[in-house]
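# Predicted coordinates and the sequence they were generated for:
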Amino acid sequence: MRVVLAEDLFLLRDGLVRMLEAFDFEIAAAVESGPELTKALAELRPDVAVVDVRLPPSHTDEGLQCALAARRARPGLPVLVLSQHVEQLYARELLADGTGGVGYLLKDRVFDAAQFVDAVRRVAAGGTAMDPQVIQQLLSRRSSDQPLGALTPREREVLELMAQGRSNAAIASQLVVTERAIAKHTSNIFGKLGLPVSDDDNRRVLAVLAYLDQGR
Amino acid sequence: MDAMTRLKDAVIAGARGLYLAIVSLVGSIVLFVFSVVSIAFLLLGVGFLTTPVVLTGVRKYADAHRARADEWSGVRIASPYRPFPAGMRRGLTGQVERCSLMLKDTATWRDLQWLLVNMTAGFVVAILAPALLLYMLYGWVLALGVWEPIHNAGGGEWYAWIHVTSQSTANQAAALGVGFFLLGVLVNTSLVRSHFLLARAFLAPTSAMRERQLAERVDRLTETRHDAVDNSAAELRRIERDLHDGAQARLVAMGMDLGTVEALIETDPARAKQLLAKARHDSGEALTELRDLVRGIHPPVLAERGLGDAVKALALRMPVPAEVDVELPGRVEAPVESAAYFAVSESLTNAIKHAGADRIWVDVHHADGMLRIAVTDNGKGGAVLGAGSGLSGIERRLGTFDGVLAVSSPAGGPTMVTMEIPCALF
């Protein structure tokens, strides 16, 4: 799987390259600025891009802007955005086109190599990987609202993991229950939220986020 | 400038002259009489109640004239009034206090002088503009035959300096009327301007007043600078303490754990593994603390996107729905941006914590060199400025940039916090 990597800090870039290579990714390019990233994404057509939000020369949200522009040019281009902090605003912008294949994680998540690589693979496969912090913010702000309030604590837990982009199998193993139990929870959640049931992980997240977006 | 626009300007100036003449005459006479009577009644005591009201009326009248001068003739007249000190008492004592403050202000007496000038010279200059244009009509009316019945009835009719006694003199009057009209076209805009220049001689602050204003401004700046220095010193202490007690301590603990791991790795791998996991956990915690610290100093979204999106991001984090309306065609200077952001953040927190609001509206826009922000909530109201509330903190923060804060919060709500900071967009 070919990866284009954009990160301005040498140590982190180097670390990411080594980690991804250790997990059998092919690094097509590892760049350090916005213009280089745009060029690499257009020319090398990677399977997935791992991008830092803040990049030179502007040192603002250049990485995010480049990634969004690249996705406009090539819809569905898988992009995993890393950031020193997570903002719902940015998560919404990434999810806005609804095509999936996006991820938005805190930089610290690379500490857990296995989970991080899992997130990269999920994004490359067209799924989503949202940082738990984003999801928690989203869920906490609507916690008092119906019909989210109708969910049982367990269902909320499942919804949270589901919104991060996990599959039923992954959720089942994390919560130490059977996959069938999770399937039952999910259909209950969809029922309570009034969402059409779907087997597609990616559409599940978008549906959840779309629901959370409503009523604003 | 072609003839048509000249004519149009002259006609507009004529209409404005007519308006100014009427307003100058009526307004000035009425206000002057009221003022004199009211001030005379000071001896009876009643004047203390009426004078501030009348003088406020005079100020409003003069301010309207100032505004019109800028709008119609581009004559800028600064306002010379001394501001009232903060914390004026209410009721009778406040009224007497206000009365004496107004009477001690030189600008008040200059206003009264201006009223006299305005009802005489000001009126004459203003009425000339429409008169020059309209007088022509009378000349023509005479020339078209109206002179004859007037003359036959024995009326010695004069048109300016021409004694109209025959068709030829009437024709001369019509010709002179045309002359007046042409003169009007040439000088009308200057006449209106002269009227305002005359007003400026009395309504603008004198150099002594300007000096006093400057001195007052220096005092205010000294005070706000003091606040700013105090604030930033306190902020630095907080950052130093947070770093020292938080992230720094965690890194030390991590270093110690790693040292122990080094010693244990061969003899007790299980324990070493445990410590490594703990070290990784600590590094995550340290990062979270640093992140929060950075957010407290200069929020990343603010640095990346500017005030508008930063406020939107802030609203998204609120536990209650907050509607944000932003109209900012550019970026604000970084220090102002940051002050405004924290002011909004504080207002939002107040709305949720103290007012118990379940809906908030934030409006951010920039107009006439002013950044204006309004935070409105549907909470229980009753917020007051001062008395060590968070609101006075915001006020001080904005004061550094000459910004002001206004709070409207009747008991029972809603609360509306309005902020205004003079600044340019770029």
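Now that the structure is in, tell me what you want to look at. Just so it is clear, the structure is predicted and the values come from calculations on it, not from any experiment.
# And the strands in chain A?
Per DSSP state E, chain A carries strands over the ranges A:2-6, A:26-31, A:48-52, A:79-83, A:102-106, A:128-130.
# Minimum distance to B:Ala272: which of these has it?
Across the strands of chain A, B:Ala272 has its closest neighbour in strand A:102-106 (27.0 Å, C-beta to C-beta). Glycine gets a C-beta too; all of them are placed from N, C-alpha and C.
# Now do the closest one and strand A:48-52, the angle between them.
Counting by axes from the mean of the first three to the mean of the last three C-alpha atoms, to 10 degrees, strand A:102-106 points 30 degrees away from the direction of strand A:48-52.
# Show me what strand A:102-106 packs onto, helices and strands only.
On a contact count with 3 or more C-beta pairs under 8 Å, 6 or more residues apart in numbering or on different chains; DSSP states H and E, strand A:102-106 meets strand A:79-83, helix A:88-95, helix A:113-124, strand A:128-130.
# Which parts of the lengthiest helix in chain A count as buried, going by neighbours?
Assignment by DSSP state H gives helix A:179-193 as the longest helix of chain A. For helix A:179-193, the neighbour count (16 or more other C-beta atoms under 10 Å in any protein chain shown) marks A:Ile182, A:His185, A:Thr186, A:Asn188, A:Ile189, A:Phe190, A:Lys192, A:Leu193 as buried.
# need the strands of chain A in TSV with mean neighbour count, distance to B:Gly74 and mean pLDDT, can you?
Converted to TSV, the strands of chain A look like this (neighbours: other C-beta atoms under 10 Å in any protein chain shown; distance: least, C-beta to C-beta, whole Å; pLDDT from 0 to 100):
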stretch	mean neighbour count	distance to B:Gly74	mean pLDDT
strand A:2-6	24	54	95
strand A:26-31	17	56	94
strand A:48-52	27	53	95
strand A:79-83	25	52	93
strand A:102-106	26	54	91
strand A:128-130	25	58	87
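# quick one: which of these is nearest B:Gln113?
That would be strand A:79-83 among the strands of chain A, by C-beta to C-beta, at 66.2 Å.
# so that closest one versus strand A:2-6, what angle?
Going by the same axes, to 10 degrees, strand A:79-83 makes 30 degrees with strand A:2-6.
# Enumerate every residue touching B:Thr376.
With contact set as C-beta atoms under 8 Å, 6 or more residues apart in numbering or on different chains, B:Thr376 has these partners: B:Ile360, B:Trp361, B:Val362, B:Asp363, B:Pro414, B:Thr415, B:Met416, B:Val417.
# picking up where we left off before, show me what the longest helix of chain A packs onto, helices and strands only.
If contacts are counted by 3+ C-beta pairs under 8 Å, 6+ apart, helix A:179-193 sits against helix A:153-164, helix A:168-175, helix A:201-213.
# Would you mind giving the orientation angle of that helix with respect to helix A:153-164?
Angle, helix A:179-193 to helix A:153-164, by the same axes, to 10 degrees: 90 degrees.
# Any chance of the helices and strands packed on strand A:102-106 in a markdown table with distance to A:Ala69 as columns?
Listed next are these as a markdown table, based on distance: least, C-beta to C-beta, whole Å:
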| stretch | distance to A:Ala69 |
| --- | --- |
| strand A:79-83 | 11 |
| helix A:88-95 | 12 |
| helix A:113-124 | 18 |
| strand A:128-130 | 20 |
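# can you list the residues of the stretch 301-426 of chain B near chain A?
Counting by C-beta under 8 Å from any C-beta of the partner chain, the positions of the stretch 301-426 of chain B adjacent to chain A are B:301, B:303-305, B:309, B:312-313, B:316-321.
# Can I have the buried ones of those as a PyMOL selection?
Per 16+ other C-beta under 10 Å, the buried members of these correspond to this PyMOL selection:
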select buried, chain B and resi 301+303+304+305+309+312+313+316+318+320
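# Among the residues of the stretch 301-426 of chain B next to chain A, which ones are in helices?
Using DSSP H, those in helices are B:Val301, B:Ala303, B:Glu304, B:Arg305, B:Asp309, B:Lys312, B:Ala313, B:Leu316, B:Arg317.
# list the contacts for the third one?
If I follow you right, that is B:Glu304. A:Val53, A:Arg54, A:Thr60, A:Asp61.
# What of the first one?
Each residue near B:Val301 by C-beta under 8 Å, 6+ apart is listed here: A:Glu87, A:Leu89, B:Asp309, B:Ala310, B:Ala313.
# Out of those, which is nearest to B:Ser389?
If you rank these by distance to B:Ser389 using C-beta to C-beta, B:Ala310 comes first, at 24.0 Å.
# Could you measure from the closest one over to A:Gln65?
Counting by C-beta to C-beta, to the nearest Å, the separation of B:Ala310 from A:Gln65 is 16 Å.
# In stretch B:280-288, which residues are buried?
Those would be B:Asp282, B:Ser283, B:Gly284, B:Glu285, B:Ala286, B:Leu287, B:Thr288, for stretch B:280-288 by 16+ other C-beta under 10 Å.
# pLDDT, distance to B:Leu251 and secondary structure added to the residues you listed, as JSON lines?
As requested, those are exported to JSON lines (pLDDT from 0 to 100; distance: C-beta to C-beta, whole Å; DSSP: H, G, I helix; E, B strand; the rest coil):
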{"residue": "B:Asp282", "pLDDT": "88", "distance to B:Leu251": "8", "secondary structure": "helix"}
{"residue": "B:Ser283", "pLDDT": "88", "distance to B:Leu251": "8", "secondary structure": "helix"}
{"residue": "B:Gly284", "pLDDT": "86", "distance to B:Leu251": "12", "secondary structure": "helix"}
{"residue": "B:Glu285", "pLDDT": "88", "distance to B:Leu251": "10", "secondary structure": "helix"}
{"residue": "B:Ala286", "pLDDT": "89", "distance to B:Leu251": "6", "secondary structure": "helix"}
{"residue": "B:Leu287", "pLDDT": "89", "distance to B:Leu251": "11", "secondary structure": "helix"}
{"residue": "B:Thr288", "pLDDT": "88", "distance to B:Leu251": "13", "secondary structure": "helix"}
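# restrict those to those near chain A?
Residues of these in contact with chain A (C-beta under 8 Å from any C-beta): B:Ser283, B:Gly284, B:Leu287.
# which residues does A:Ala22 contact?
A:Ala113.
# ok, A:Gln136 - contacts?
A:Glu160.
# For chain A, name the helix or strand with the lowest mean pLDDT.
Using mean pLDDT, DSSP states H and E, the weakest-scoring helix or strand in chain A turns out to be helix A:201-213, at a mean of 62.
# Out of the contacts of B:Thr376, who's the most crowded?
The most crowded member of these, judged by other C-beta atoms under 10 Å in any protein chain shown, is B:Val417 (26 neighbours).
# mind checking which helix or strand it is in?
strand B:415-422 (DSSP states H and E).
# What strands line up against that strand, and which way round?
Strand B:415-422 has the following strand partners under DSSP bridges: strand B:370-377 (antiparallel), strand B:404-408 (antiparallel).
# contacts for it?
By C-beta under 8 Å, 6+ apart, strand B:415-422 touches B:336, B:339-340, B:343, B:347, B:350-351, B:355, B:357, B:369-377, B:379, B:381, B:383, B:391, B:394, B:398, B:401-409.
# Only whichever of the residues you listed are buried, select them in ChimeraX.
Buried residues among those (16+ other C-beta under 10 Å), as a ChimeraX selection:
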select /B:336,339,340,343,347,350,351,355,357,371,373,374,375,376,377,379,381,383,391,394,398,401,403,405,407,409
